Each structure stands twice: as C-alpha cells, then as structure tokens.
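In: Build me a model from this:
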Amino acid sequence: MSAPSPDPGGLATQVARLFYDRQLSKVEIADRLGISRFRVARLIDVALADGLVRIEYRDAPDTDRALARAIEERFGLDLCVVAGTRPGEPDPVRDTARLAGAVIGQLIGPGEVVGIAWGSTLAATVREIEPRTDPSVTVVQMAGSSSRLGPGLDPGDLARQLAERLGARPRPMFAPTFVESTELRAALVRQPDIAATVAEFGRLSLAIVGVGAMPATPRGRSRSSLLRSGVLGADEISDLRARGAVGDLVVHPFDAEGRFIAPEMAARAIAIGIADLRRVRRVVAVAAGAAKGDAIRGALASGIVRVLITDRAAADRVLRPAGVRR
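Out: Predicted structure coming up:
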C-alpha cells in the first residue's frame, strides 16, 4: 500500500481532474489557474506518482466532481471544488476550509501578490494552509479593520496570519473599514502607510474572498462579516435589503443578478474597489453552507469570482433557480 499523498484534495488533484476528466490541455489549465504550463506538467506527474489518479480520483476529503463541473459550466468558472459535506452535517466550514487550504496554498507561487478579505471561513482556511517561508510573496490587506469582528476575523488579523503562514511580507492597512464621508476617505488614503497598501491593489495576482449572505428578514441571522462588523446602521441595512441585496464581496453588496447596488457606500470604504477586484486574474471565493447558496449564486453572476471552493449543500442550492428552496 502506498503512503498517503501529501496533496489530499489539493492543487495536484484538481489539475489532474481538469486534465483527465475535463480534457483540457496543459496550456489551457495554466491559463485558467495563472501558473506556468511546466508547473501544470509537474503537478500532473505528482498526481500520477502519488496514486492520486488511476483514471478514478482519490480526493481527500471527499469531493463532489459532478456538482463542481456543473457549476463550472453554468458560470464559466476556471475551477470549482466542492467538499463532500452532506446536508444536515453540523459544520460545513470544516471540510471546505481543509480543501480550500490545500488548493489555495498551492495556487500561491513565488513572487505572488495575494490579497485577503475577511470572514470566519477564510480564517479557518488560513489555518489549513501548509506553512512555508517565501519572502518573495506579498500579502495585502484588502479592507480596513473593525474591532467588532473579534480576534482572528478582522482583515488585519487575517492578512497578518496568512503572511506568517507563508513566511511572506505583509502589507497591512491601519484604517477603519468605513468613514463618514468621501472627503475623509480621500484624506486618509493619502497618508503614506495607507497609500502604500492601496497601491498594491493594482498589483494583486490572486485575491481570496469570502461571500457574505444578507439575511432574508430584519431579524434573520447574519452570515456576513460586513454586517457583523457593525459598520452599517439599521437604516442602511434595511435600504440594502430594499434594493434587493443578497450578499456582499469584501464591502460591496450585490443583488441576485450580480449587480453591485451601493456605489455611494463603496465611496466611503477604505477597501479594494470593484474595478481593481475585476482586474485580478484569480479571485478565489471560499464559502460554505446552504444558507449562503443564493449569495454565492449572485457572486458568481457578477463575473468577478474565477475559482469557487464550497460544500455540497451550498453547491446544490447554487444550481437551483433563484428563490427555490426545498
């Protein structure tokens, strides 16, 4: 019996799936994932040598390839990975974070400029990334901070933790998430320390984001770090709900069609803007749980997310027509 693969469910497995199952060429895979075709070839060799591929797949933790392929084709994604967490299991985040850590850790190559947002699923993902030391990598905080999110969940905390995990150079942003006026924002982003981090937004080669979900009712449970951060008042949240908001990426609320609906709010945010986020070649979204299905669907409809890592329950909801529940 061969030893367990050091890449359970990670990038070698996913590259092998694209090569053998989807019949994509090495050049096509390299273009999708933003890595060299030589690295693609090495990863395929790793998959074969480690017994990950025997024409069947030995993903661990379990993955649902049929759901992943359906989402890739529906939304034109470069890659979707679906953890095999079953509906009704108590912690869909655990297996999703394990899978995301394996995939994202290997997507980050030397010299990358990596942005990270916020959220409990991203915090769990960062803890699953295999430690290394690569000072050629830069980790950029993509949104200002909020003390209400608690330890380990704030964008500053996550950027620092990811940089430590990778042995990378951190680019922190010592600023609040939102300020009261566009004039104050403009003044703050002129400050040298903040300006240096904001300048990195245009250099990002990979961005790691969560997907916040807007509660369906005013008393519904919040599954959005943007809402939990306390930076928005009750009137602002009600207004977003009235505009049809179903979720948010970083600090940008969107509706079910993937349209960003609060530009005036974004103008007061010290965070990466939609234009800069659209320019990032690889935006990786990590989100889990059936309750996030509608929000994930809207995020994919925006066209910004190129790689999705999620769980079976959320993926099943994403593939249903909007608003249909069972």
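In: ranges for the strands of the stretch 201-326 of the chain?
Out: 206-209, 212-213, 245-249, 252-255, 282-286, 307-311 (DSSP state E, counting those that start in this stretch).
In: What is the first one packed up against?
Out: This points to strand 206-209. Applying 3 or more Cβ pairs under 8 Å, 6 or more residues apart in numbering; DSSP states H and E, we find strand 206-209 packed against strand 113-116, helix 120-128, strand 282-286. C-beta: built from backbone N, CA, C; applies to glycine.
In: right, and the strands of the stretch 201-326 of the chain - which one's nearest residue 84?
Out: Among those, the nearest to residue 84 by Cβ to Cβ is strand 307-311 (7.8 Å).
In: That closest one packs against which elements?
Out: strand 79-83, helix 92-107, strand 282-286, helix 293-301.
In: out of those, deepest packed?
Out: Mean neighbour count (mean count of other Cβ atoms under 10 Å) peaks for strand 79-83 among the helices and strands packed on strand 307-311, with a mean of 28.
In: how many neighbours does the nearest residue to residue 278 once chain neighbours are set aside have?
Out: Excluding the flanking residues, the one nearest residue 278 by Cβ to Cβ, 6 or more residues apart in numbering is residue 304, at 5.8 Å. Residue 304 has 22 neighbours, counted by other Cβ atoms under 10 Å.
In: Provide a list of residues in contact with residue 304.
Out: 249, 274, 277-278, 283 (Cβ atoms under 8 Å, 6 or more residues apart in numbering).
In: which of those residues lies closest to residue 23?
Out: Distances from residue 23 to the contacts of residue 304, taken by Cβ to Cβ, are shortest for residue 283, at 25.2 Å.
In: List the residues that contact the closest one.
Out: Contacts of residue 283 (Cβ under 8 Å, 6+ apart): 206-207, 209, 277, 304-307.
In: now residue 133
Out: With Cβ under 8 Å, 6+ apart, residue 133 has these contacts: 166-167.
In: how about 6 Å then?
Out: residue 167 (Cβ atoms under 6 Å, 6 or more residues apart in numbering).
In: Look up how far residue 75 lies from it.
Out: Going from residue 133 to residue 75 by Cβ to Cβ, to the nearest Å gives 36 Å.
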